[in-house]
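Visitor: Make a model of this:
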Amino acid sequence: MTAAPTAPGRLGQPLTPADAQTFLLALDDWVRARRLELDELDEAALAAGRGDEIASDMVLSLAVWQAVQQRYQLLNATFDGGRVGPIEAERLSTLVWGRLDGDLGAGLAISLPEACRLSDALVGQVQTRLALLPGADANAARIKQLRANLERVRDQVSLEPSSTRDAARATLVGLSRRLEDITARAQRGADVGGLLPPLEAEASVFERDLIVGNSKRRAARDDLQATRQLRTELLARAAALGALVTLCVGTVDPAPRYAVPDVEALGPVPNTPAEIETHRRKLERVGQALGVAEGAYAAALAEHRQLLDLLDALRAKALAHGLAELADLAVSERQARDVLARRPAPMAVARSLVATYQSWLTQLLNQQSA
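Guide: Residues are numbered from 1 along each chain as shown. This next block holds a predicted model:
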């Protein structure tokens, strides 16, 4: 399982360009790898006739992944290849540590790092339920996975309030002792296959409960502070969306046509409870509008990238079969790359040309095997 990257800084601390670049590269790899893992888990569950058993976890996992993927697009647009000034550095920090939007259920309002850790926990839980952990020594691999799980739990326990921290630590100590006992048994050659599933299930559920509990406590903080923070986040998202729109319009044609909502038009956050509630609802509607626009522009850019990735994969296949330099295939590839390299790239034509290259390759492979 691909582990989530460690987020730099903290909320309110501007990110340095170097830290932002390192994190974005790692997050890009994580987003790609996690999507492949989710697809593989879904296929494995369906093949085993256990799709219904993990349906709720998969729905939440995909929702969390989608929220992370959209936030990555905003971060990447704000980073803009390293052109980061003081304002952009603050926006990057807000986008990393502010709340994600998305249909995550149960009023879940979590930051990007928490969403990545929640995704790790969910995938680990599904892998455990399906018994899909890889490796020649299955028990050793599962013990290693449990250690990583408990380290994430240890980090999450430190975020618990004083009223619940001791109980959480006690639970963690109990889980750790059980893991050490299982490890010792395994090292002595004992069969620990029956001891691992209950511990894996308890550790995954405990981690998930800690993440959800922490998010609910944050959501219950002072309304004025939360609403002001929401406004700050929306301002950062709106600015990032503006950069994303510019990037998308310059990259693909046709691009989505959504206006960037004006957060400033709502004015500052009022001080009275009734007015704060009304203002927060307005901000939430703006956030929903931003989410729709972010999803559309991110999807348009993602399709352009996916076409390039598909073309690269097809060329690799052609090279492996010694067909890449054949005239028809080479001309088809060049046409597709030339169109994808245009700014903006006509997407209907690009789709058609990539499909043409794929058709040529299929025909040539059939001829080769005949």
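Visitor: need the helices for the stretch 101-250 of the chain, in chain order.
Guide: 112-130, 138-157, 162-187, 196-219, 223-251 (DSSP state H, counting those that start in this stretch).
Visitor: Mind giving me the packing neighbours of the first one?
Guide: Spelled out, it's helix 112-130. helix 17-47, helix 55-79, helix 86-97, helix 138-157, helix 196-219 (3 or more C-beta pairs under 8 Å, 6 or more residues apart in numbering; DSSP states H and E). Quick note: C-beta positions are derived from backbone N, CA and C, even for glycine.
Visitor: Which parts of the shortest one count as buried, going by neighbours?
Guide: When burial is assessed from 16 or more other C-beta atoms under 10 Å, helix 86-97 yields the following buried residues: Glu88, Ala89, Glu90, Arg91, Leu92, Ser93, Thr94, Leu95, Val96, Trp97.
Visitor: again, but for the last one
Guide: Judged by neighbour count (16+ other C-beta under 10 Å), helix 196-219 contains these buried residues: 196, 199-200, 203-204, 206-208, 210-215, 218.
Visitor: Could you do the fourth one as well?
Guide: Residues of helix 138-157 classed as buried: Asn139, Arg142, Ile143, Gln145, Leu146, Asn149, Leu150, Arg152, Val153, Gln156, Val157 (neighbour count, 16+ other C-beta under 10 Å).
Visitor: cool, the second one as well?
Guide: By neighbour count on 16+ other C-beta under 10 Å, the buried set for helix 55-79 is 57-58, 60-79.
Visitor: so what are the domain limits for this structure?
Guide: Following automatic domain parsing, the chain resolves into domains at 17-221, 225-295, 303-369.
Visitor: least reliable of these going by mean pLDDT?
Guide: Looking at these, the lowest mean pLDDT belongs to domain 17-221 (a mean of 84).
Visitor: so who does the most centrally placed residue in the chain touch?
Guide: Centroid check for the chain by C-alpha atoms, centre = their mean gives Val68 as the closest residue, at 3.3 Å. By C-beta atoms under 8 Å, 6 or more residues apart in numbering, the contact set of Val68 is Leu27, Val31, Arg34, Leu100, Leu112, Ala115, Cys116, Ser119.
Visitor: Of all pairs in those, which one is the farthest apart?
Guide: Distances among those were taken as C-beta to C-beta; the most separated pair is Arg34 and Leu100, at 14.7 Å.
Visitor: thinking again about what came up before, now distance to Pro268 too, for the helices of the stretch 101-250 of the chain, in a markdown table please.
Guide: Output for the helices of the stretch 101-250 of the chain, formatted as a markdown table (distance: least, C-beta to C-beta, whole Å):
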| stretch | distance to Pro268 |
| --- | --- |
| helix 112-130 | 26 |
| helix 138-157 | 35 |
| helix 162-187 | 34 |
| helix 196-219 | 22 |
| helix 223-251 | 8 |
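Visitor: coming back round to it: which one, of the helices and strands packed on helix 112-130, ends up nearest to Val269?
Guide: helix 86-97 (15.9 Å).
Visitor: and of the helices of the stretch 101-250 of the chain, who's closest to Ala324?
Guide: helix 223-251 (26.3 Å).
Visitor: C-terminal to the closest one, which secondary structure element comes first?
Guide: As assigned by DSSP states H and E, the chain's next helix or strand after helix 223-251 is strand 252-253.
Visitor: on contacts alone, who are the packing partners of the following helix or strand past that next one?
Guide: Counting by DSSP H and E, the next helix or strand C-terminal to strand 252-253 is helix 273-320. For helix 273-320, the elements it packs on are helix 55-79, helix 223-251, strand 252-253, helix 327-341, helix 347-369, judged by 3+ C-beta pairs under 8 Å, 6+ apart.
Visitor: could I get these as JSON lines with distance to Asp309?
Guide: Listed next are the helices and strands packed on helix 273-320 as JSON lines, based on distance: least, C-beta to C-beta, whole Å:
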{"stretch": "helix 55-79", "distance to Asp309": "15"}
{"stretch": "helix 223-251", "distance to Asp309": "15"}
{"stretch": "strand 252-253", "distance to Asp309": "15"}
{"stretch": "helix 327-341", "distance to Asp309": "11"}
{"stretch": "helix 347-369", "distance to Asp309": "10"}
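Visitor: Understood, closing this out.
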